[in-house]
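Chemist: Could you look at this predicted model? Sequence included:
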Protein chains: 6
Amino acid sequence: MSTIARNDAAESDPRVKAVFDDIRTTRKSDFINNMWHYLTFDPGLLESTWAEVKAVMATPSALDPLVKEMLYIAVSVTNGCTYCAHSHTAAAKAKGMSAEQHADLLRVISLAAKTNQLATALQLPVDAVFDADHRP
Amino acid sequence: MSTIARNDAAESDPRVKAVFDDIRTTRKSDFINNMWHYLTFDPGLLESTWAEVKAVMATPSALDPLVKEMLYIAVSVTNGCTYCAHSHTAAAKAKGMSAEQHADLLRVISLAAKTNQLATALQLPVDAVFDADHRP
Amino acid sequence: MSTIARNDAAESDPRVKAVFDDIRTTRKSDFINNMWHYLTFDPGLLESTWAEVKAVMATPSALDPLVKEMLYIAVSVTNGCTYCAHSHTAAAKAKGMSAEQHADLLRVISLAAKTNQLATALQLPVDAVFDADHRP
Amino acid sequence: MSTIARNDAAESDPRVKAVFDDIRTTRKSDFINNMWHYLTFDPGLLESTWAEVKAVMATPSALDPLVKEMLYIAVSVTNGCTYCAHSHTAAAKAKGMSAEQHADLLRVISLAAKTNQLATALQLPVDAVFDADHRP
Amino acid sequence: MSTIARNDAAESDPRVKAVFDDIRTTRKSDFINNMWHYLTFDPGLLESTWAEVKAVMATPSALDPLVKEMLYIAVSVTNGCTYCAHSHTAAAKAKGMSAEQHADLLRVISLAAKTNQLATALQLPVDAVFDADHRP
Amino acid sequence: MSTIARNDAAESDPRVKAVFDDIRTTRKSDFINNMWHYLTFDPGLLESTWAEVKAVMATPSALDPLVKEMLYIAVSVTNGCTYCAHSHTAAAKAKGMSAEQHADLLRVISLAAKTNQLATALQLPVDAVFDADHRP
């Protein structure tokens, strides 16, 4: 079920084909997941979304690729995004996330959600030492 | 402002003192941040919360301590927890997070929030290959 | 799957029938979607919910009906509400939302989610000029 | 800081005065908290909001008034609503919430947030016995 | 669909068997729901999660067991957790939640979500009387 | 209070200056709000964020500029983003949002939050007619 119909003929549009080809090349795989199939309804949105995902997630940067996938999972789970929890857990496993790391990830993100509730329920004043504007 | 009054005399309770001493020893610092001061209103809740934070965040595990702090930030920011965003960003910096890593963290968690919206708005069907129950 | 059983005989209750009749008249359609079928388990809750939805969404007001549907989508997607994302996207299309407007809506709500993360992660101080209590 | 300016002269409007009088009578107190002061910018919104709060929270119903305040806290904390966490914790205390009950409330809502993360991260299939539509 | 494969042979691990046996004894039922089946992928995570759920939810405390289930529902619904909404609504019904109480619960948590939006949209200043740190 | 220190000398960096100049030109105002001041800690992040905000919010598109600001408010409020609620409400007023439109916006987004809770609490099955993949 989706809110926009999937268009299996979308790749006949050269703008869509260019993005799909770049996804295949970047990922070294012929598989195109649903995120990209459904975004074809607006080629401009497809292009800009893929460009940003490629720049942030598929380009070497200050953080390790697996760490970036785990951060993606952390946000996606907290937002309750079903599709994203699935796709990024699969991606993290493909990048080598072990069962031990997965369990550790779950321990951290579930503890964070727990202490977030406590801090918000108590409406804790922020300690002055945490203020970057006033740190010596 | 808080929903429970801070009790600066709380450490006269031996259960509170034991937790505070363990926090100081574990962190090699005399500073006790507000989370723990305010939880003293219920020593049992203080004990169980610290025990879990210590076990998950201050004990060697499958993930690097800095990675765990960054995951904590990712969840805290997504949940909009002011206190937690402050305290865990300070903790990540104390554990060596560079400005480049911080910027990269922001890029990943803000992109994740963005694509979460797209996936949820489109109500994307989960690709069959993402289903762990049916993966070969 | 639902947490309350659907009761297909609910319309035999005159209070339910009165609401269903008003939904059909207001929408000029015989179709009653699941929201209303499942709320029949408590006729008072059904009545008050429909009364508010009718007053806000089906009554001329300062905002255009399509704009109101798009605002509804924005909130529903941000809250991760599957049913609501589906029902209000269908409603927006029925009220004339074009593919271009839909893509634009997705661009705005996904960008908003992205910059929300940045602002919360940075814990930005609110600029004084934004304070309505102190604006000249 | 607020997004709408507070209007201290609002009670000169008879519609506002009628709502404020009813709040004072219902609560047996002269104090009007900021929620109602700021909603005076639109008397219709003030009226409908107060009418619903009064009907749900200040009218005897199937749940105890203190339980209803604690449920309000649970939702408000999960949504990260600063104002609501403050106002409903104060209301719960005024209705007799003890420190032990408060601590228990925090234990439950923080555990719930924790297991919500686990269930969403694992994308647990819902057990068939939980489906109300198919329960015998 | 899940992000971790279900392992029906997990109970051959004595640590898993010990937890499952304790769940059966505590709940006086042979049924083990999916949350516990899927957590078996990491026996330590299974043990610590069950220990906390048992301590908070299945041990007499300052709040009534049904009230605790309803608080759990309030958080789970606000977080959009499908599995948790199902499992805790079933648990609340098993603990005696009537249709009238269920409707009342829905009225409170939906009203809370509504006024949370208003308070956040208006960015209401917290009334000084709500500040526990400065209450006389 | 912020998690990154504000750098008032940032404009001496030509990349920062170029962005600030473009903000001033685009908005026909000398004022630079805090979002941009704090993002200067990473010029690349500043550039990409501004480029996207300009493309989506300051470029004519299928939706009216005021509608886009109101959608931004809807997401920001639902996410509990203090800074964003302030900045985008100010922007919407600058673009002509009347008090009547503001009240209507609040009515819609608070009602949406309310019915989101009901739909999630009931775990409503999505009506088949809402599925874009199967619509005739």
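Modeler: That came through, no problem.

Chemist: Can you report phi and psi for the nearest residue to residue A:11 once chain neighbours are set aside?
Modeler: Nearest non-adjacent residue to residue A:11, counting by CB to CB, 6 or more residues apart in numbering or on different chains: residue A:17, 5.0 Å away. Just so you know, the C-beta spots here come from the backbone N, C-alpha and C atoms, and that holds for glycine as well. The phi and psi values for residue A:17, taken as degrees, to the nearest 10, are phi -60, psi -40.

Chemist: quick one, what contacts the residue nearest the centre of chain A?
Modeler: Nearest to the mean C-alpha position of chain A, counting by CA atoms, centre = their mean, stands residue A:72 at 3.9 Å. Shown in contact with residue A:72 (CB atoms under 8 Å, 6 or more residues apart in numbering or on different chains): A:57, A:84, A:88, A:91, B:108, B:111-112.

Chemist: circling back: quick check: the gap between the residue nearest to residue A:11 and residue A:47.
Modeler: Relative to residue A:47, residue A:17 is positioned 12 Å away (CB to CB, to the nearest Å).

Chemist: How about residue A:60?
Modeler: 22 Å.

Chemist: These two: which is more packed in?
Modeler: Using other CB atoms under 10 Å in any protein chain shown, the more surrounded residue of residue A:60 and residue A:47 is residue A:47, with 16 against 7.

Chemist: quick one: contacts for the more buried one?
Modeler: A:15, A:19.

Chemist: so what pLDDT did it get?
Modeler: Among the per-residue scores, residue A:47 shows a pLDDT of 98.

Chemist: which stretches of chain A form helices?
Modeler: Per DSSP state H, chain A carries helices over the ranges A:14-27, A:34-39, A:43-57, A:65-78, A:82-94, A:99-122.

Chemist: so of those helices, which one's packed in deepest?
Modeler: Among those, the stretch with the highest mean neighbour count (mean count of other CB atoms under 10 Å in any protein chain shown) is helix A:65-78, at a mean of 26.

Chemist: ok, back up a step: wait, the residue nearest to residue A:11 touches residue A:23, no?
Modeler: No: the pair residue A:17 / residue A:23 is not scored as a contact, 10.7 Å apart, by CB atoms under 8 Å.

Chemist: Low-confidence regions, chain A specifically.
Modeler: Applying pLDDT under 70 to chain A flags the ranges A:135-136.

Chemist: Strictly from the record, what residue spans define the domains of it?
Modeler: Per the record, chain A has its domains at A:9-59, A:61-123, by automatic domain parsing.

Chemist: Near chain F, which residues of chain A are found?
Modeler: Proximity of chain A to chain F is confined to A:1-6, A:48, A:52, A:126, A:130-135 under the rule CB under 8 Å from any CB of the partner chain.

Chemist: how about the residues you listed, which pair is most distant?
Modeler: In the residues of chain A next to chain F, the most distant members under the criterion CB to CB are A:5 and A:134, with 53.8 Å between them.

Chemist: Setting the sequence-adjacent residues aside, check what's closest to residue A:30.
Modeler: residue A:24 (5.8 Å).

Chemist: how near is that neighbour to residue A:17?
Modeler: Applying CB to CB, the value for residue A:24 to residue A:17 is 10 Å.

Chemist: And for residue A:111?
Modeler: The gap separating residue A:111 from residue A:17 is 45 Å, by CB to CB.

Chemist: about what we covered before: ok, the residues of chain A next to chain F vs residue B:38, which is closest?
Modeler: Taking CB to CB as the measure, residue A:126 is the one of those closest to residue B:38, at 12.1 Å.

Chemist: correct me, but that closest one touches residue F:3?
Modeler: No: with contact defined as CB under 8 Å, residue A:126 does not count as touching residue F:3 (10.0 Å).

Chemist: Mind listing the shared neighbours of the two?
Modeler: Taking CB under 8 Å, 6+ apart as the criterion, residue A:126 and residue F:3 both touch residue B:86.

Chemist: Pick out whichever of these two has more residues nearby.
Modeler: Taking other CB under 10 Å, residue A:126 and residue F:3 do not tie; residue F:3 has more neighbours (25 against 19).

Chemist: Now do the contacts for the closest residue to residue A:45 other than its chain neighbours.
Modeler: Nearest in space to residue A:45, with sequence neighbours left out and distances taken as CB to CB, 6+ apart, is residue C:103 at 5.1 Å. If you count contacts by CB under 8 Å, 6+ apart, residue C:103 has them with A:41-42, A:44-45, F:62.

Chemist: if I look at residue C:103, how far off is residue F:60?
Modeler: Counting by CB to CB, the gap from residue C:103 to residue F:60 is 14 Å.

Chemist: likewise residue A:116?
Modeler: Counting by CB to CB - residue A:116 and residue F:60 are separated by 40 Å.

Chemist: same question, residue A:46
Modeler: Counting by CB to CB, the gap from residue A:46 to residue F:60 is 21 Å.

Chemist: Same check on residue A:17?
Modeler: Taken as CB to CB, the span from residue A:17 to residue F:60 is 28 Å.

Chemist: re the thing from before, CSV for the domains of chain A, including distance to residue B:76?
Modeler: Below are the domains of chain A laid out as CSV (distance: least, CB to CB, whole Å):
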stretch, distance to residue B:76
domain A:9-59, 20
domain A:61-123, 6
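
Chemist: closest to residue F:36 out of those domains?
Modeler: Smallest distance to residue F:36 across the domains of chain A (CB to CB): 19.3 Å, for domain A:9-59.

Chemist: Now find how far off-centre the closest one is within its chain.
Modeler: Offset of domain A:9-59 from its chain centre (CA atoms, centre = their mean, to the nearest Å): 15 Å.
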